[in-house]
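Give me a 3D structure for the following:
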Amino acid sequence: MTELSTAAPPTFEGLLRDAGLRVTAPRLAVLAEVHAAPHSDVDTVVRAVRDRLGRVSTQAVYDVLRALTDAGLLRRIEPAGSPARYEARVRDNHHHVVCRRCGAIGDVDCATGAAPCLEASDPQGFLIDEAEVTYWGLCPACQASGGS
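Predicted structure coming up:
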């Protein structure tokens, strides 16, 4: 029988402190918004943070996103032809599926279950610790609208 954990899930404040970052309202707001809406671009995060906090500069949000990404609390992805997107699913080697028409993005677990998921035929002396795979196609909504 598996024991249920009674430990509370980490709070955003706890995540920031554990990463050695000061707890600030903009950092808390950005973390909350990216957790609530994975794969958001900067403009989406800026609008959501402003709705939550009021006046916050775009540069401040960029700075927070950079700090949270550098601390390993967020992951930045850049599908071809798309602005940078941010997600809170970190420390695993998952991949993404992107709709060619509307740009919707979803997570795809690693096909082999072990990082880096792919073996390079010639790593040229690199010690590879991550493989980034993007699957492209049409999402269910675009398929339903008759797109090809």
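
From now on I want contacts and neighbour counts done on CA atoms only, so please keep to that.
Will do.

residues in contact with the helix or strand hosting residue 143?
Residue 143 is part of helix 140-144 when elements are defined by DSSP states H and E. Outside helix 140-144, the residues within contact range by Cα atoms under 8 Å, 6 or more residues apart in numbering are 101-102.

how about that helix as CSV, C-alpha atoms only?
Provided in CSV are the C-alpha atoms of helix 140-144 (Å, rounded to 0.1, in the frame of the first residue of the first chain):
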residue,chain,number,x,y,z
PRO,A,140,-8.1,19.0,-33.3
ALA,A,141,-9.9,22.4,-33.6
CYS,A,142,-8.2,23.2,-36.9
GLN,A,143,-8.8,19.7,-38.2
ALA,A,144,-12.5,20.1,-37.4
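
how is this structure carved up into domains?
Following automatic domain parsing, one gets these domains for the chain: 12-86, 92-148.

Please, where are all the helices along the protein?
12-18, 25-36, 42-53, 58-70, 140-144 (DSSP state H).

which residues touch the one residue sitting closest to the centre of the chain?
For the chain, residue 87 is the residue whose C-alpha lies nearest the centre (Cα atoms, centre = their mean; 1.5 Å). Contacts of residue 87 were listed using Cα under 8 Å, 6+ apart, and they are 34-35, 37-40, 74-77.
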